[in-house]
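> need a structure here:
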Amino acid sequence: MAENRSISYINKDFNELRSSLIDYTKTYFPDTYNDFSATSPGMLFMEMASYVGDVLSFYLDNQIQENFTQFARQQNNLLALAYMMGYRPKVTSAAATRVEIYQQVPSILSGSTYVPDFSFTLNISGGLQLSSPLYNQSNFLIEDPIDFSYSSSSDPTNTTVYQINGGIPEYFLLTKTRNAISADIQTTTFSFGTPERFPTVEINNNNIIKILDITDSDGNKWYEVPYLAQETIFDSIKNTNINNPNLSDDNDTPYLLQLKKEPRRFVTRFLNDTTLQIQFGAGTTTQNNDEEIIPNTDNVGLGLPYKQSKLTTAFSPSNFLYTDTYGIAPSNTTLTVRYLTGGGVTANVDGGTISTITNANTNVKFINTSLDPVQAQYVFNSLSVLNITAATGGQDGDTNEELRLKSLSSFTTQLRSVTQDDYLIRALSMPSDYGAVSKIYIESEKISNLLPGEVPSVLNLYVLAFDNNKKLKNASTALKQNLSTYLSQYRVINDSIKIKDAFIINIKVDFDIIVLPNYNNNEVIAKCITSLQDYFNIDNWQINEPILLKDTYILLDKIEGVQTVKNINISNISNGLYSSYSYDMVGANKNGVIYPSLDPMIFEVKYPDVDIRGRVVPL
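Numbers count the residues shown, from 1 in each chain. This is a model prediction of the structure:
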């Protein structure tokens, strides 16, 4: 029978393993081997064994370490862990800027007034590419389409007189504003033959930002989703009478948002800084796609496999709404992939430097095709751009430490709206093509409205929008519908959301001041009015925000030439051109604070030029 040996399991490095092997030999084989000099044959084998043990110990520890986000050091492992935890890493970040796009249109006589001839307006499809003559390596891209004939509060078309001939406006200048990112459009193709499950392809390039679009040789579009099991995508249709006659009059919502089931989908993941992998589904044809399965006798009750009777078994309805295809896989086709590259720190260019359109001939068309060719060419050549702000936000990709922190943060939220602030941010992030929410407030259903024993799981979301003159108005039905569709994909299952209108309370401000000697009264009054206009600018106010009279007194006291602020009176103004809602401003004033009502509301100075008035009074 073999003798029980005392073996140490805590030695990991070379020296500890070598020392342990020597002690083991001395203990159990004292008469067999006793030459432990550095040149002996026995020490050769013991040191080789120590070397192998040390290497194996190192790689074992390293592999265990690389399985944890907090301790992993290799980028490819951190990228894989980030995707597993729901975070989408970036290898580069694009710089962004605001760009104004201009075009001229001739004038036309309407009655007795010359107005712009909108039949000469241009329609620019998404993907307008721009460049800066001063920064040869920085190209920019406008992803959104541009329609100069359309104007709304979220997408206004500003009109000014550009050229006068004989006292008569000859040309008008139309201006649109869009966001542009530092990116170049790259194109590559992949051919697919016999169908296979979950095919993958790889794009190798530097500074890959994202996939722009993928189309196959039959003209079908493929859509990117966070994970292949997600079968619904956001889709948009033009808000016209043909598409929806009930909502076409809501001109603040150019597109209607809808959810669409789409079998042609893919996911992307970065393998390293220069490799982006694209993976498709496992289905072979759209005819055999099992995305929608309605429960029936083939998969419920007696129809179960082996004809087992399960009529008394409890089933979850969600078990029958399954898919084993995760979308279809491309086969016998060629996919054309357009993707964006660019970004980085060097893309942060100065304002007023982006002025060249590089693809106007392919992306710009006239809405009206029956125009005078000479005048149409002049209008086409008038198209120009200029970035009104400096490009910011361009930076290199996520570092290893950033990958760790962002992955852990993403895992806790999982793109779901958990808190009330999550719903606020998600609602404000809805793309402007579907309407723009200008003011938003959220609160739980009031306890007084709940039935006995009812859990307050209903959230009331109060929203307001801007009109074309940036005055507050109630959100249109189309905007609320789009917002409801958008939030439905991020809502926690037990949350119910009611979208409501907040109340608009219009106010006017009257103030009395005493002016210091040797100061012009009119100039001081003008400065005070300007300061109050800035203070009550609607961009600075939110729903249910109170008015602090102390702040207005301090504001006027700081104006040069003001000796004393005698009085500031804020009163309600309603009906006519103003909101129809009245409010007791005196009763709401408690110790110099004008509080909002229990029902969510917002204070608005609708016409600052006439609703803010001041006068100089004697000491």
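> For the biggest helix by length in the chain, report the contacting residues that lie outside it.
Counting by DSSP state H, the longest helix found in the chain is helix 41-65. Contacts to helix 41-65, defined as CB atoms under 8 Å, 6 or more residues apart in numbering, come from residues 11-15, 17-18, 21-22, 25, 33, 35-37, 71-73. Placement of C-beta: from N, CA and C, glycine included.
> So among the residues you listed, which ones count as buried?
Using 16 or more other CB atoms under 10 Å as the burial test, the contacts of helix 41-65 include Asn11, Phe14, Leu17, Arg18, Leu21, Ile22, Thr25, Ala72 as buried.
> Narrow the contacts of helix 41-65 to those in helices?
Residues of those located in helices (DSSP H): Phe14, Asn15, Leu17, Arg18, Leu21, Ile22, Thr25.
> ok, the first one - contacts?
When you say that, I think you mean Phe14. For Phe14, the contact set (CB under 8 Å, 6+ apart) comprises Ser50, Tyr51, Gly53, Asp54.
> okay, these in a markdown table with distance to Ala526 and pLDDT next?
Putting the contacts of Phe14 into a markdown table (distance: CB to CB, whole Å; pLDDT from 0 to 100) gives the following:
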| residue | distance to Ala526 | pLDDT |
| --- | --- | --- |
| Ser50 | 88 | 91 |
| Tyr51 | 86 | 91 |
| Gly53 | 85 | 89 |
| Asp54 | 82 | 88 |
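> Filter the residues you listed down to the buried ones, ChimeraX style.
Of these, the buried ones can be selected in ChimeraX as follows, counting by 16+ other CB under 10 Å:
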select :50,53,54
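> Mind jotting down where the strands sit in the stretch 51-200 of the chain?
Remark: strands assigned in the stretch 51-200 of the chain by DSSP state E, counting those that start in this stretch are 92-93, 96-110, 113-116, 122-124, 128-132, 135-142, 146-147, 158-165, 168-182, 184-192, 200-204.
> which element is Pro517 on?
Using DSSP states H and E, Pro517 is not contained in any helix or strand.
> Would you check how far apart the residue most central in space within the chain and Asn460 are?
Geometric centre of the chain, nearest residue: Ser429, 5.5 Å, by CA atoms, centre = their mean. Relative to Asn460, Ser429 is positioned 20 Å away (CB to CB, to the nearest Å).
> Was I right to think Glu545 contacts Met601?
No: using CB atoms under 8 Å, Glu545 is not in contact with Met601, being 9.7 Å away.
> Between the two, which has more neighbouring residues?
More neighbours surround Met601 than the other of Glu545 and Met601, with 21 against 15 (other CB atoms under 10 Å).
> The more buried one contacts Ala502, correct?
Yes: using CB under 8 Å, Met601 is in contact with Ala502, at 5.9 Å.
> Quickly list what's touching both of the two.
Contacts common to Met601 and Ala502, judged by CB under 8 Å, 6+ apart, are Ile543.
> Next up, phi/psi of Ile462, please.
Check again: residue 462 is Tyr, not Ile. Backbone geometry at Tyr462, expressed as degrees, to the nearest 10, gives phi -100, psi 130.
> what's it in contact with, if anything?
Per CB under 8 Å, 6+ apart, neighbours of Tyr462: Ile440, Tyr441, Ile442, Glu443, Lys500, Asp501, Ala502, Ile543, Pro600.
> and of the residues you listed, the nearest to Gln377?
Nearest to Gln377 among these: Ile440, at 45.8 Å, using CB to CB.
> contact partners of stretch 112-119?
Stretch 112-119 has contacts (CB under 8 Å, 6+ apart) with 105-109, 148-149, 159, 168-169, 172, 174, 367-368, 371.
> send the alpha carbons of stretch 176-189 over as CSV?
Taking C-alpha atoms only, stretch 176-189 is exported to CSV below (Å, rounded to 0.1, in the frame of the first residue of the first chain):
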residue,chain,number,x,y,z
LYS,A,176,-32.2,75.2,-41.7
THR,A,177,-30.1,74.0,-38.7
ARG,A,178,-28.9,70.4,-38.2
ASN,A,179,-26.5,68.4,-36.1
ALA,A,180,-23.4,67.2,-37.9
ILE,A,181,-20.9,64.6,-36.7
SER,A,182,-17.3,64.0,-37.7
ALA,A,183,-17.5,60.9,-39.9
ASP,A,184,-16.8,59.5,-43.3
ILE,A,185,-19.0,57.0,-45.1
GLN,A,186,-17.2,53.8,-46.0
THR,A,187,-18.6,51.0,-48.1
THR,A,188,-17.9,47.3,-48.2
THR,A,189,-19.7,44.2,-49.5
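> pLDDT (mean, whole number) over it?
In this model, stretch 176-189 carries a mean pLDDT of 92.
> what comes up buried for it?
Buried, per 16+ other CB under 10 Å, within stretch 176-189: Lys176, Arg178, Ala180, Ile181, Ser182, Ala183, Asp184, Ile185, Gln186.
> Test my guess that the fourth one contacts Ala94.
Yes: with contact defined as CB under 8 Å, Ile181 reaches Ala94; the gap is 4.2 Å.
> Between those two, which contacts overlap?
By CB under 8 Å, 6+ apart, the residues touching both Ile181 and Ala94 are Ile209, Leu340, Gly342, Gly343.
> On the three-state scheme, the second one is what?
Following DSSP: H, G, I helix; E, B strand; the rest coil, the label given to Leu340 is strand.
> With that, I have no additional questions.
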